[in-house]
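Participant: sequence first, then the predicted structure:
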Amino acid sequence: MSQVTKTLLDLTQRRNFYAGDLLSSVEILRNVTDTFKRASYEPSSDDVQNFFQIISNLLEEDNREKWEDAQQIYPGAVELMQVIEEFIHIVGLGMKDFHNAYLMTGNLVASIQRLPALSVMTDINFPMKGRKGMVDWARNSEDKVVIPKGIFLPQSAGKSVYTVYIYINTIPSEKGHG
């Protein structure tokens with residue numbers, strides 16, 4: 001699967017897509033994710049970085065019209081979000097407790113964290129202002145995600161419930177589209 005993601009990364013970096021290419025890329029990501037799930041495989045950090053870079057490449061502003069065309073054929077953007085969610089779940093399950101992954105590309109910032117639910121003492125804000133290496137567009141973004149700490153309380157007293165959460169933020173385009 002690592003080789004598949006490397007090959008797809010190389011292909012998506014060429015940046016000359018048709019709508020069908022976007023849908024095919026999403027299908028390849030779906031197959032990779034399903035294989036990771038079935039094999040209980042923990043993606044390497046390179047696999048995770050490659051996966052998110054592929055997503056970033058697919059979401060480039062140059063592909064906006066192609067996504068609109070693809071949506072008329074098949075709801076590819078919805079499928080892409082489902083694939084991302086499943087991949088993040090795989091990454092989160094493979095993480096050790098109290099660890100996080102923070103990924104940045106040219107147009108995407110993602111944070112995946114695994115914490116015991118009881119350790120969340122404050123509301124969670126993303127993008128995090130003081131995060132080292134935060135790109136300017138994300139640090140200054142007006143689009144914020146706030147998750148109230150109250151939703152992290154475990155359902156049953158005495159159980160150690162772990163929470164995996166992610167935030168994804170994409171750079172707004174120069175034309176005012178997000």
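Facilitator: Great, that's in hand.
Participant: contacts only, for Phe51.
Facilitator: Thr5, Leu29, Val32, Pro43, Phe87 (C-beta atoms under 8 Å, 6 or more residues apart in numbering). In short, each C-beta sits where N, CA and C put it, glycine included.
Participant: and Tyr18, by the same measure?
Facilitator: Per C-beta under 8 Å, 6+ apart, neighbours of Tyr18: Lys66.
Participant: would you list the phi and psi of it?
Facilitator: The phi/psi pair for Tyr18 (degrees, to the nearest 10) reads phi -110, psi 170.
Participant: so what's it scoring on pLDDT?
Facilitator: Tyr18 is assigned 84 on the pLDDT scale.
Participant: in the protein, what spans have low per-residue confidence?
Facilitator: Along the chain, the model assigns pLDDT under 70 to residues 127-143, 153-178.
Participant: in this structure, which spans are strands?
Facilitator: 99-104, 108-116, 124-126, 145-147, 162-170 (DSSP state E).
Participant: between the contacts of Phe51, which is closest to Val146?
Facilitator: Ranked by distance to Val146 (C-beta to C-beta), the contacts of Phe51 are led by Phe87 at 24.2 Å.
Participant: and the closest one, how far from Phe51?
Facilitator: Per C-beta to C-beta, to the nearest Å, Phe87 is found 6 Å from Phe51.
Participant: over to Gly106?
Facilitator: 15 Å.
Participant: thinking again about what came up before, drop anything exposed from the contacts of Phe51.
Facilitator: By neighbour count, with 16 or more other C-beta atoms under 10 Å, these hold Thr5, Leu29, Val32, Pro43, Phe87 as buried.
Participant: need the contact list for the last one.
Facilitator: Counting by C-beta under 8 Å, 6+ apart, Phe87 makes contact with Leu29, Thr33, Phe36, Pro43, Phe51.
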